[in-house]
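Colleague: Sequence and predicted structure below; questions after.
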Amino acid sequence: MLRQMAVALAISMASGGVAPAAEPGLTPTQIRLGMVNAQSGAASGLGQGMRLGATAVFADINANGGIHGRKIDLLVDDDAYEPNKAIDATLKMIDQNVFALFGFVGTPTANAVLPIITETKTPLIGVFSGAMTLRQPVIPEVFNIRASYDDELDVLVTRFIEDRGAKRFAVFYQDDSFGLAGLNGTEKALKKHGLKIVGKAAFQRGTNAVNGGLVTLIDSKPDVVIMVGPYAPLSAFIASARKEQLKASLATVSFVGTDNLVNLIGTAGNDVVISQVVPFPGDRSLALVRECQALLAKQTPAQDLGFVNFEGCITAKILVMALEKAGPNLTRSGLTEALESLRDEDIGGLRVSLGPQNHQASTAVFLTIISGGKITPIQTIPKRAKSAAR
């Protein structure tokens, strides 16, 4: 209660208690954006990836004269994937007079700042989360780019049923709003097939304490375990599951941070299926891939295009598209109108649409699998390799 009162007071102070006289974060030469996400801690690969992909786009825009003469100034703060830190950092961004917020990471952190977003009427674009709390009902200030967790889990569940004949699904999830979003999404997907979850176990955010949950899931005798968490605890879970010879297929959603997971788990992760919300970063037949690869190479030559920085690039491209469409007399309401006017836009291999009653640009889901210690795209989930079952 005390923290809620403190947040309410801070919001009032940040907004000046009255309507501002001019659009915040704008000058004749600058558009100031704010990014708050995990730049440190167990989920830092996600925040850093979003930042790298976005800054590659913004740097290119700035080098070519900006948007209607204004260059993008991106302020970045670290919340370490902790809701209280996200609140403090977001209030700081509001106090620094940002025009819009961009590229937040995580369901618990995004949910924590929603009261600030709605009270101050600050646009929030491209949260790295598929939670339905950010999507339904539509929040006027919040624009999602990626597909939802419900979208991802519907594809995962359906594919395991159709391609492997799976019937018994268990869920291993982070014990917070993100994990519950994954749990609920799995339940919804299974209900369509007349099935229910046969076992579930949770772990605490910020820990790798997974063994207790593994014992519970082994006892439930699942065909498939849907894992809902970031790369550090899930890599520990996968390693333990292999050691204890869990006789179940393993799958997870895009928030895991695929590239970080593969780097941690290597070949022990073989046969793990991961749903994605961006096209495969190695598919150079797509103009979108080629463009984001080139932009990233200019800014950080040592960085390969991966799933997270690719999402950062895509999200930034869509924001830039809307800023340009909003015209030289930029306002927050003008940005909202420009975003909501994007209809079936092909951005080089991915189609996006937004509207007043639709603040999720894409529903596209792509499946990948770890094979030989590397991530590869798949259309059909193959039968489990014998090595993965031992």
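Modeller: That came through fine.

Colleague: Now do the helices in the stretch 251-390 of the chain.
Modeller: Taking DSSP state H, counting those that start in this stretch as the criterion, the stretch 251-390 of the chain contains helices spanning 258-265, 287-299, 307-326, 332-340, 386-389.

Colleague: Hmm, I typed the wrong one, I wanted the stretch 51-200 of the chain.
Modeller: Using DSSP H, counting those that start in this stretch, the helices of the stretch 51-200 of the chain run over residues 83-95, 107-120, 149-164, 177-191.

Colleague: So for this protein, the centremost residue is which one?
Modeller: The residue lying closest to the centre of the chain (Cα atoms, centre = their mean) is F128, at 2.2 Å.

Colleague: what about the spatially closest residue to it that is not a sequence neighbour, neighbour count?
Modeller: Among residues not flanking F128 along the chain, V105 sits closest, at 4.3 Å (Cβ to Cβ, 6 or more residues apart in numbering). Bear in mind the C-beta positions are built from the backbone N, C-alpha and C, glycine included. The number of residues packed around V105, counting by other Cβ atoms under 10 Å, is 31.

Colleague: Correct me if wrong: V105 contacts N37.
Modeller: Yes - under the criterion of Cβ atoms under 8 Å, V105 makes contact with N37 at 3.7 Å.

Colleague: shared neighbours, those two?
Modeller: Any residue near both V105 and N37 by Cβ atoms under 8 Å, 6 or more residues apart in numbering counts here, and that gives 46-47, 50, 81, 128.

Colleague: Need these in TSV (columns: pLDDT and distance to D163).
Modeller: Shown next, in TSV, are the shared contacts of V105 and N37 (pLDDT from 0 to 100; distance: Cβ to Cβ, whole Å):
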residue	pLDDT	distance to D163
L46	97	29
G47	98	34
M50	98	31
Y81	97	33
F128	98	28
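
Colleague: and the two most separated of those residues?
Modeller: M50 and Y81 (12.3 Å; Cβ to Cβ).

Colleague: Please say which of these two ends up with more neighbours.
Modeller: Using other Cβ under 10 Å, the more surrounded residue of M50 and Y81 is M50, with 29 against 25.

Colleague: Report how many residues lie close to T380.
Modeller: Quick note: T380 (other Cβ under 10 Å) scores 9 neighbours.

Colleague: So it sits against R164, correct?
Modeller: No - between T380 and R164 there is no contact under Cβ under 8 Å: 9.6 Å.

Colleague: thinking again about what came up before, any shared contact partners between M50 and Y81?
Modeller: Common contacts of M50 and Y81 (Cβ under 8 Å, 6+ apart): 37, 105.

Colleague: Mind pulling the model confidence for K383?
Modeller: K383 is assigned 81 on the pLDDT scale.

Colleague: Count the neighbours of it for me.
Modeller: 10.

Colleague: Name the nearest residue to it, sequence neighbours excluded.
Modeller: R164 (6.7 Å).

Colleague: contacting residues for that neighbour?
Modeller: 223-224, 249, 381, 383-384.

Colleague: again, but for I117
Modeller: 90, 101, 124, 139, 141-142.

Colleague: now do 10 Å
Modeller: Counting by Cβ atoms under 10 Å, 6 or more residues apart in numbering, I117 touches 11, 90, 94, 101, 104, 110, 123-124, 139-142.

Colleague: ok, so what distance separates it from P123?
Modeller: Going from I117 to P123 by Cβ to Cβ, to the nearest Å gives 8 Å.

Colleague: again with I381
Modeller: If you go by Cβ to Cβ, the gap between I381 and P123 works out to 38 Å.

Colleague: and if you look at E340?
Modeller: 11 Å.

Colleague: what does R32 give?
Modeller: To P123, R32 is 13 Å away according to Cβ to Cβ.

Colleague: Between the two, point out the one with more neighbours.
Modeller: Taking other Cβ under 10 Å, R32 and P123 do not tie; P123 has more neighbours (22 against 19).

Colleague: partner residues bridging the residue lying closest to that one once chain neighbours are set aside?
Modeller: Taking Cβ to Cβ, 6+ apart, and ignoring the residues beside it in sequence, P123 has A100 as its nearest neighbour in space, at 4.1 Å. Bridge pairing for A100 (DSSP bridges) gives the partners L33.

Colleague: my guess is A100 contacts V142, does it?
Modeller: No - under the criterion of Cβ atoms under 10 Å, A100 is not in contact with V142, lying 11.0 Å apart.

Colleague: Please enumerate the shared neighbours of the two.
Modeller: 122-125.

Colleague: okay if I get those residues as a markdown table plus pLDDT?
Modeller: Listed next are those as a markdown table, based on pLDDT from 0 to 100:
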| residue | pLDDT |
| --- | --- |
| T122 | 98 |
| P123 | 98 |
| L124 | 98 |
| I125 | 98 |
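
Colleague: Which of these fall within strands?
Modeller: If you go by DSSP state E, the shared contacts of A100 and V142 have 124-125 in strands.

Colleague: quick one: which of the shared contacts of A100 and V142 is nearest Q174?
Modeller: Out of the shared contacts of A100 and V142, the member with the shortest distance to Q174 (by Cβ to Cβ) is L124, at 21.9 Å.

Colleague: ok, now how distant is the closest one from S40?
Modeller: Remark: distance between L124 and S40 (Cβ to Cβ) = 22 Å.

Colleague: quick one, which of the two is more surrounded?
Modeller: Neighbours around L124 and S40, counted as other Cβ under 10 Å, are more numerous at L124. The numbers are 25 against 13.

Colleague: Assess the claim that that one and I116 are in contact.
Modeller: Yes - L124 lies in contact with I116 (Cβ under 10 Å); the separation is 9.4 Å.

Colleague: shared neighbours of those two, anything?
Modeller: What both L124 and I116 touch, as defined by Cβ under 10 Å, 6+ apart, is the set 90, 101, 141.

Colleague: where does this structure have low pLDDT?
Modeller: Along the chain, segments meeting pLDDT under 70 span 1-21, 384-390.
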